[in-house]
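Just a sequence and a predicted model for now, questions to come.
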Amino acid sequence: MPTQTHLPTKQELVGLRREFHAFPEPGWREYWTTVRIVEELERLGVDQIHVGDEALDSDKRLGVPDEQELSAWYERAAARTDRTDILEQIAGGHTGAVAVVERGDGPTVGLRVDIDALPIPESSDKGHKPATEGFRSGNEGYMHACGHDAHVTLGLGTLQAVIESDFSGTFKVFFQPSEELLGGGKAMASGPHIDDVDYLIGAHVGLDHPTGTVVGGLDEALAFARFDVTFTGESAHAGLAPNQGRNAVHALVDATSNIYGIPRHREGATRVNVGELRSDNAANVVASEATATVEVRGESDELMEYMRDSVHRHVDAAAAAHDCEADISLIGESLREDSDEALVDLVAETAKDVDGVSSVRRRDRLGASEDATFLMRAVKENGGKATYIGIGGSNPTGHHTPTFDIDEDCLPIGVTLLSNATLDLLS
């Protein structure tokens, strides 16, 4: 194993994590977050720092907000940093970064971490540590409610540990935007930096595992697709001449009812949900437009596609029945991809020698959806291996809740585990 010379201190890691926690940014709007990542990469002396179109395939981005939304977040970030050189490169929602460190011949190891936050107002209760210790979200209505602030910290901390070690090969860290929207994994997997990766590690903190627990491979992520649905009809006076209208709300309601009636599949688990139903028409107006966001999941790619195709069919049928037009726009997507046995074994063995690790589980079920699977599949299709690991974090409440937090003792455990596993793979 290559010699490891230095690990960042817990104090350094906690400071970084709290800084990112205090300024959360949602998918494709992680402008300040990307700037701070780049600043840390510069401080560490990273050989190559790629942002914007150099980091991912912009044409494969999903769920990118409109220009007004992007501009508002851009200006918010610009008020917080003077690094206009970086901001200009990532304007228009081209957030995220890829760090590359080359040290001669050897394999290429990749680490993927996600960087975005959620549209959830953070608790200000006295029992919520970020509120009592002064690092609660400064962007009201948004928070790091899934640990991505910790993931950024793990990526930077692992990079520091690897850089300051003796190894031969290449190490890449993918700081991926827009995981919560499931809109960034496909773009990063289609970018220019994944093709030569021999081994890829993804990581997530918490997930109801206590601090000290390590899971070598989180499997069974549900394949996923999310799309916006818009029905367009024609307005009319609801009392005077309803027959002259084409009712988009009626079409949406019919489609919703039929979507929930899609038969579940005998081959495995399937999910469907319709949310964010909206119509801005007055009560006395036949609705000319109605929108909804729909998501489907499946235990396999094929099961997800069965649900997706069924939704499309019901949307088209409802539009035809009510003489409306329907538009379906894909805004998020992920795959089912499980961890390779060889890397599960490596992580499990490495974890046994990490201070603070009290329990090692080889595999566990993820159950939710995760677009790191796009990068995992890309690596596997190129002949490499990949795993998605769990790092326990004793979160006091569930993910995606206003009181979500982590036990910061998991940060040095995670950095030690990830850097040792990486160095084990680098020759």
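Received, thanks. Numbering: from 1, shown residues only.

Tell me who's in contact with the closest residue in space to A348 that isn't next to it in sequence.
Using C-beta to C-beta, 6 or more residues apart in numbering and skipping residues adjacent in sequence, the residue nearest A348 is G216, 4.1 Å away. C-beta coordinates here come from the backbone N, C-alpha and C atoms, glycine included. Residues near G216 by C-beta atoms under 8 Å, 6 or more residues apart in numbering: 339, 343-348, 351, 360-363, 387, 389.

now G216, what's its secondary structure?
Following DSSP: H, G, I helix; E, B strand; the rest coil, we place G216 in the strand state.

Taking the contacts of G216, please make a ChimeraX selection of just the buried ones.
The ChimeraX selection below is limited to those of those classed as buried (16 or more other C-beta atoms under 10 Å):
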select :339,343,344,346,347,348,351,360,361,363,387,389
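
If you drop the residues flanking it in sequence, what lies closest to S124?
The nearest residue in space to S124 (C-beta to C-beta, 6+ apart) is A131, at 4.9 Å.

does the one you found sit in a helix or strand, and which one?
Counting by DSSP states H and E, the secondary-structure element that holds A131 is helix 129-132.

Also H151?
Assigned by DSSP H and E, H151 belongs to helix 148-163.

Mind checking what helix or strand follows that helix in sequence?
Assigned by DSSP H and E, the successor of helix 148-163 is strand 169-176.

Pipe the contacts of G216 into JSON lines and attach secondary structure per row.
Converted to JSON lines, those look like this (three-state DSSP):
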{"residue": "S339", "secondary structure": "coil"}
{"residue": "L343", "secondary structure": "helix"}
{"residue": "V344", "secondary structure": "helix"}
{"residue": "D345", "secondary structure": "helix"}
{"residue": "L346", "secondary structure": "helix"}
{"residue": "V347", "secondary structure": "helix"}
{"residue": "A348", "secondary structure": "helix"}
{"residue": "A351", "secondary structure": "helix"}
{"residue": "V360", "secondary structure": "strand"}
{"residue": "R361", "secondary structure": "strand"}
{"residue": "R362", "secondary structure": "strand"}
{"residue": "R363", "secondary structure": "strand"}
{"residue": "T387", "secondary structure": "strand"}
{"residue": "I389", "secondary structure": "strand"}
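
hang on, the earlier thing: tell me the buried residues in the helix holding A131?
Buried residues in helix 129-132 (16+ other C-beta under 10 Å): K129, P130, A131.

What of stretch 60-77?
K60, R61, L62, G63, V64, P65, L70, W73, Y74, R76, A77.

got it, and stretch 199-211?
Buried residues in stretch 199-211, counted by 16+ other C-beta under 10 Å: Y199, L200, I201, G202, A203, H204, V205, G206, L207, H209, T211.

Can you tell me how far the last one is from R313?
Applying C-beta to C-beta, to the nearest Å, one obtains 47 Å for the distance of T211 from R313.

repeat for the fifth one
When C-beta to C-beta is the yardstick, A203 and R313 sit 38 Å from each other.

where along the protein do the strands fall?
Remark: strands assigned in the chain by DSSP state E are 48-51, 97-103, 108-114, 169-176, 199-205, 213-219, 223-232, 236-237, 270-278, 285-286, 289-298, 325-334, 359-365, 385-391.

quick one: which of those strands is nearest D82?
Nearest to D82, of all the strands of the chain, is strand 48-51, at 16.7 Å by C-beta to C-beta.

And for E267, the neighbour number?
Number of residues near E267 (other C-beta atoms under 10 Å) recorded here: 12.

actually G96, not the one I typed
For G96, the count of nearby residues is 30 (other C-beta under 10 Å).

Skip the chain neighbours and tell me the closest residue to it.
Using C-beta to C-beta, 6+ apart and skipping residues adjacent in sequence, the residue nearest G96 is P177, 4.0 Å away.
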